[in-house]
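[1] the following block contains a protein sequence and its predicted model.
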Amino acid sequence: MQIGTIKLMDRIVGGVLCLAIGIANIPFAIMRKFMKRPAVKKILVVQLWGIGETITTLPALRALRKRFSGAEITILATRRNKDVYFRNPDADKLVEIDFNISSLLEFMRRNYRKFDLVIDMEEYLNVSAILTFAAGKKRVGYSHGLRSLLYTKETVYNDQQHSVFAFMDLARTVGAEIPVKKLIPVQFDKHDAREVDKWMKERRIRSGEFVVGIAPGSAESAPSRKWQKEKYAKLADSILERYGKKGCWVIFFGSSDERALVDEIMTIMKLKENVYNAAGFFTVRQLFCALQKCKAFVGNDSGPMHIAAAQGVKTLGLFGPNTPVRWAPYGEKNAFVYHQDSCRYTPCINTHKGQVPDCLYSRKSAEYQKCMKAISVDNVMMAFGKIAGK
C-alpha cells in the first residue's frame, strides 16, 4: 500500500475509530481508576514507521529495560523499521505487522489485553493507538489528537526538544529514564559484515582509510528534504580535493530507487576516481555495517543520517523543511546546516501533527525548496571541516 493511501486511511478511518472507541471506553476508564494495577510483567513497545525515527526511540527502550528489568519486552514493528531492533539487547521479542486490515485484525485478535503495559512511540498515527488499546491494560501515548482518548496515561509531545527526549518523555511517565549522551548503535551479523568487506575489497578500499559517506536522497514522503544534486557533486569534488592525500574515498549511499540520482551526481562531478555508487547494493543491516566503516558522513534529514550518527560516525545533516531542533544527528561530535530565516514557512514538516508536505511552494515556483537552496557548498564544507578535521 502506498504511503499516501496509508496516511489518508489512518487520518479518516482511524480518526473515526479512535473517537468511537474512546467514547465507548469512558465507563470502563472510570471503573479502572478504582481497580488495583497488576505488576508489569509483559510490555509492548509500538513503533511502525521510519528507520531514523525508530533509532531515536532506542534510548527510551533502554530506559524501559532498566526500569522493568524482569519484564518481557516485545516490539511491534513493520517491514520498514524492524531491522533497527535486530539483536537489540533491550528487547526480547519482535512482532512484525503490515498496514493491511487482515494483519491488523489478526494482531488484535491474538494479543487482546495480553500486555500489562503498552508504550505507543508513534507521534501521529491513529492505527498505533488502536493497536495499543487492543493489546494493553495500561497504555501510554502522546496527548494530542483523538488517539489520546485510547490511552490510560498521556504526555505532551514537546516539539522544542530533540526527538530522543520526546520519546524519553513517554518512558518517564512510567518511571523510566536514563541520561543520553549518544545514540545506541544498531546491529548486524557476520554475514552482513562479510558482504560489506567484500564490496570494499573489490574496490580496493582499505580499512582505516578516510571514507566519507554521502546520502543525497530522502524519504519518498518528503522529497523537498533533498539538497540539489549539482551541489552534492561539487561537495564530493571538494572533499576529494581537500582530503585526497589521506587516501580519501567518497561512497554514495541510498536505496535502489536513488541509484539513478547518484549516477547523475557522479556524471556532474569533475573527479571520477575514488568515488563509488553504493545506492541499492546493501540490505538495511549491511548499510548499518557499511556506514560504520565511514570516518565522516554528510546527508539530508533521512534514515542514513541517523544510522551514521548511531554508529558513531561524525555526521553532518542538511536541514530545510524539517527542524534540527527535533531531528539533528544526535551526539556531541555531530553537526547540522540549517538556514531557518531562508523561508517563512520552515519548519513546514511536523510529523507529530501529520504535516509532511513536499513544499508549500509550487514546484514551478522559483521559491520551491528555497530553504534547501539557501545552503551553499561553502556552508557545508565549513561545517564538514569542523567535524572531520581540516
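    Sure thing, it's come through.
[2] tell me the contacts of the residue nearest to Gly312 when sequence neighbours are not counted?
    Nearest-residue entry for Gly312: Pro185, 6.8 Å, with adjacent residues in sequence omitted and distances by Cβ to Cβ, 6 or more residues apart in numbering. For the C-beta atoms, the positions are set from N, CA and C on the backbone; glycine is no exception. Taking Cβ atoms under 8 Å, 6 or more residues apart in numbering, we find Pro185 in contact with 292, 310-312.
[3] distance check, Pro185 against Leu19.
    Applying Cβ to Cβ, to the nearest Å, the value for Pro185 to Leu19 is 41 Å.
[4] and what of Gly389?
    Separation of Gly389 from Leu19 (Cβ to Cβ) stands at 55 Å.
[5] confirm that the residue nearest to Gly312 sits in a strand.
    No: read with DSSP: H, G, I helix; E, B strand; the rest coil, Pro185 is coil and lies in no strand.
[6] for it, give me the pLDDT.
    For Pro185, the pLDDT comes out at 99.
[7] Gly217 now?
    pLDDT at Gly217 comes out at 96.
[8] contacts only, for it.
    Gly217 makes contact with 226, 254-255, 257-258, 261, 279, 300, 302, according to Cβ under 8 Å, 6+ apart.
[9] of all the residues you listed, which two lie farthest apart?
    Among these, the pair separated by the greatest distance (Cβ to Cβ) is Asp257 and Asn300, at 14.5 Å.
[10] in stretch 346-359, what counts as buried?
    346-352, 356, 358-359 (16 or more other Cβ atoms under 10 Å).
[11] start to end distance for it?
    Start-to-end span of stretch 346-359 (Cα to Cα, to the nearest Å) is 10 Å.
[12] contacts for that stretch?
    With contact meaning Cβ under 8 Å, 6+ apart, stretch 346-359 is reached by 7, 11, 53, 123-124, 142, 144, 157, 159, 166, 221-225, 320-323, 340, 360, 368-369, 371.
[13] neighbours around Phe253, how many?
    Using other Cβ atoms under 10 Å, Phe253 is surrounded by 29 other residues.
[14] residues contacting it?
    When contacts are counted by Cβ under 8 Å, 6+ apart, Phe253 touches 213-215, 278-279, 282, 287, 290-291, 299, 304.
[15] apply 7 Å and report the result again.
    For Phe253, the contact set (Cβ atoms under 7 Å, 6 or more residues apart in numbering) comprises 213, 215, 278-279, 287, 291, 304.
[16] OK, contacts around the nearest residue to it once chain neighbours are set aside?
    Of all residues not flanking Phe253 in the chain, Ala215 sits nearest, at 4.7 Å (Cβ to Cβ, 6+ apart). Applying Cβ under 7 Å, 6+ apart, we find Ala215 in contact with 253-254, 299-300, 302, 304-305.
[17] hmm, try it at 10 Å
    Ala215 is in contact with 232, 251-255, 258, 262, 278-279, 287, 291, 297-300, 302-305, 307-308, 317-318, counting by Cβ atoms under 10 Å, 6 or more residues apart in numbering.
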